[in-house]
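Visitor: One predicted model, sequence on top.
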Amino acid sequence: MEMTFFQTYQTEILASLFILLFLFIIRVIAKKLIYKLGKKTGINDARITLISRYVTVTLVLLALLIETFIFGAQLKDLALVFSSVFAVIGIALFAIWSILSNITSGVIMFFSFPYKVGDKIEIHDKDSPLEGIIEDIRAFQLHLRLDNGNLVTYPNNLMLQKAVTLIKKDAIEEGSDAI
């Protein structure tokens, strides 16, 4: 009697369903925690969505790795694939390290940046100090509106490297009251 695909791989399919369900539950919990943390600390919805996407991509990659083991891939086979892929990615990432450092800084800023949209800050850069109101914090850069009306985009990685002083909390709200 001939066995079907589902009969042959019944154990692997059940394990896969369990792992996918487990990772889906982790994703839902993580998204709720990120949303609560973002709302509690006053972070805008676009940044909350961005960090949630990062978590989702990480869980999908983890699921793919686990699935390869469930369906019988050997560690030596995966080592060959990953070393080849990482060699190519490593060369590509070396070329775009600045972008990655800004993304990483954006994630760090989501969880531990003491300033929020609407705060007036001063960036102590010895070459060109800046003072303005934070309009937006994005994945790669922060948007700072200067007193003269100019909009400056400042890289996230530099925000973590430079000294920053909080001049006025929620300067946008206070400015709108005066109008």
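Guide: Happy to help now that I have it.

Visitor: what's the average pLDDT for stretch 33-43?
Guide: The pLDDT scores in stretch 33-43 average 89.

Visitor: in which helix or strand would I find Ile133?
Guide: strand 130-137 (DSSP states H and E).

Visitor: May I have that strand as PDB, with CA atoms only?
Guide: The C-alpha trace of strand 130-137 is given here as PDB (Å, rounded to 0.1, in the frame of the first residue of the first chain):
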ATOM      1  CA  LEU A 130      21.600  72.200  16.800                       C
ATOM      2  CA  GLU A 131      18.500  73.400  18.800                       C
ATOM      3  CA  GLY A 132      15.000  72.600  17.800                       C
ATOM      4  CA  ILE A 133      11.800  70.700  18.300                       C
ATOM      5  CA  ILE A 134      11.600  67.000  17.600                       C
ATOM      6  CA  GLU A 135       8.900  66.500  14.900                       C
ATOM      7  CA  ASP A 136       9.400  62.800  14.200                       C
ATOM      8  CA  ILE A 137      11.600  59.900  15.000                       C
END
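
Visitor: From here on, call the first residue 13.
Guide: Fine by me, first position is 13 from now on; the one you just mentioned is strand 142-149.

Visitor: So which elements touch the helix or strand just after it?
Guide: Using DSSP H and E, the helix or strand that follows strand 142-149 in sequence is strand 153-158. Other helices and strands packing on strand 153-158, by 3 or more CB pairs under 8 Å, 6 or more residues apart in numbering; DSSP states H and E, are strand 142-149, strand 163-167, helix 168-173. Where you see a C-beta, it was placed from the backbone N, CA and C, and this is true even at glycine.

Visitor: I appreciate the help and will end here.
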